[in-house]
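A.B. asks: How does the following fold in three dimensions:
(one chain, ligands or ions: 1)
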Amino acid sequence: DWNMPDYISEAVAAIRAQVGSDDVILGLSGGVDSSVAAALIHRAIGNQLTCVFVDHGLLRLDEGKMVMEMFAENLGVKVIRIDAAQQFMGHLAGVSDPEQKRKIIGREFVEVFQVESAKIKNAKWLAQGTIYPDVIESAGKGKKGHTIKSHHNVGGLPETLHLKLLEPLRELFKDEVRKLGVALGLPEAMVYRHPFPGPGLGVRILGEVKQDFADLLRRADAIFIEELRNTPVEGTDQNWYQATSQAFAVFLPVKSVGVMGDGRTYEYVVALRAVQTLDFMTAQWAHLPHELLGKVSNRIINEVRGINRVVYDISGKPPATIEWE
Ligand code: XMP
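C.D. replies: Numbering: from 1, shown residues only. Prediction:
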């Protein structure tokens, strides 16, 4: 139960005391934690902070543009955007095993970040958006199969780059991080976004990741999210985006037959996933209204050429996981 303006001035003073006149590098992912960390550190030390935003080509529609607008244009934060989509696609070509894909994305991310960070000559600090639950989680065992946030907490980087770690959110819970973000001037829509996995669309394109699949998926996903945001939950003041914990589209590299006009189509399938959960360890599938699902399905099939069938995932966790890979 802390007072936000006081908290911000204390945190700012602590960051200034810690880094002095040194320069700081931060890996911006577009996620809530690294964004709030960037905004806070920028408030404290302004241009001594340089953010590196690695775009792996597996982000949501317009996400890269939004990150740049928010930080570089609106907040005046120094951000270097690295368009590494080709490099990531190249390394992912021919790979269909989910864990292998995660490893490659994590490894390439570290690689690109390392190369770019080394160019920022005077930096002495590496800032990360580590929050309290991450501290707890990495103290424990972690989850079988998934290395959660392997992508964000650029493991080993501080040592190879000879940097000291700056983690100003280490003591905060997620809801506190969000309130801090809003108080620092980040848009609510950004700060209250659903979680997005580090490997991004890489784990939502089943099997081999291909550029065209990513492009189709991005558009289908954006339609789903837009309709969730635009549909109120009856009897509440929330919309369906707010009433779900995580929602997204999944690309299935399976073709099925359809009809369009006089013609037969033979195209790909998109699955929609929406869950409600408190801790992401267990989750229920969201009982979205049929009208909403119907509208999303029609829009995806009409607007995204290459998709002729949409299905809804009604599996709980366990036994299914939230992501499909
Ligand atoms: P699952 O699919 O295991 O996901 O039910 C639980 C939560 O974790 C997220 N998730 C990840 N986040 N890197 C991340 O940063 C990953 O590799 C990863 N895998 C799953 C998932 O989106 C959900 O919120």
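A.B. asks: From here on, just use CA atoms for contacts and neighbour counts.
C.D. replies: Fine.
A.B. asks: Direction included, what does the host helix or strand of W125 pair up with?
C.D. replies: Assigned by DSSP states H and E, W125 falls within strand 123-127. Taking DSSP bridges as the criterion, strand 123-127 forms sheet pairs with strand 23-28 (parallel), strand 164-166 (parallel).
A.B. asks: Please put the alpha-carbon coordinates of the next helix-or-strand element following it into CSV.
C.D. replies: Following strand 123-127 in sequence order, the next helix or strand is helix 132-139 (DSSP H and E). Taking C-alpha atoms only, helix 132-139 is exported to CSV below (Å, rounded to 0.1, in the frame of the first residue of the first chain):
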residue,chain,number,x,y,z
TYR,A,132,9.6,-10.2,-7.8
PRO,A,133,7.9,-13.4,-9.1
ASP,A,134,10.9,-13.9,-11.5
VAL,A,135,13.3,-13.7,-8.5
ILE,A,136,11.2,-16.3,-6.7
GLU,A,137,10.9,-18.5,-9.8
SER,A,138,14.6,-18.6,-10.7
ALA,A,139,15.3,-19.4,-7.0
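A.B. asks: C-terminal to helix 132-139, what's the next element?
C.D. replies: Next element after helix 132-139 (DSSP H and E): helix 157-160.
A.B. asks: before we move on, back to that, among the strands paired with strand 123-127, which is nearest the ligand?
C.D. replies: strand 23-28 (13.4 Å; C-alpha to the nearest ligand atom).
A.B. asks: Need the contact partners of the closest one.
C.D. replies: 34-35, 38, 48-54, 113, 117, 120, 122-128, 152 (C-alpha atoms under 8 Å, 6 or more residues apart in numbering).
A.B. asks: picking up where we left off before, for the record, mean pLDDT for the strand holding W125?
C.D. replies: The average pLDDT for strand 123-127 rounds to 96.
A.B. asks: Determine which stretch of the strands paired with strand 123-127 is the most buried.
C.D. replies: strand 23-28 (a mean of 24; mean count of other C-alpha atoms under 10 Å).
A.B. asks: how far off strand 123-127 does the next helix or strand after that one point, in degrees?
C.D. replies: On the C-terminal side of strand 23-28, the closest following helix or strand by DSSP H and E is helix 32-45. For helix 32-45 against strand 123-127, the angle by axes from the mean of the first three to the mean of the last three C-alpha atoms, to 10 degrees is 140 degrees.
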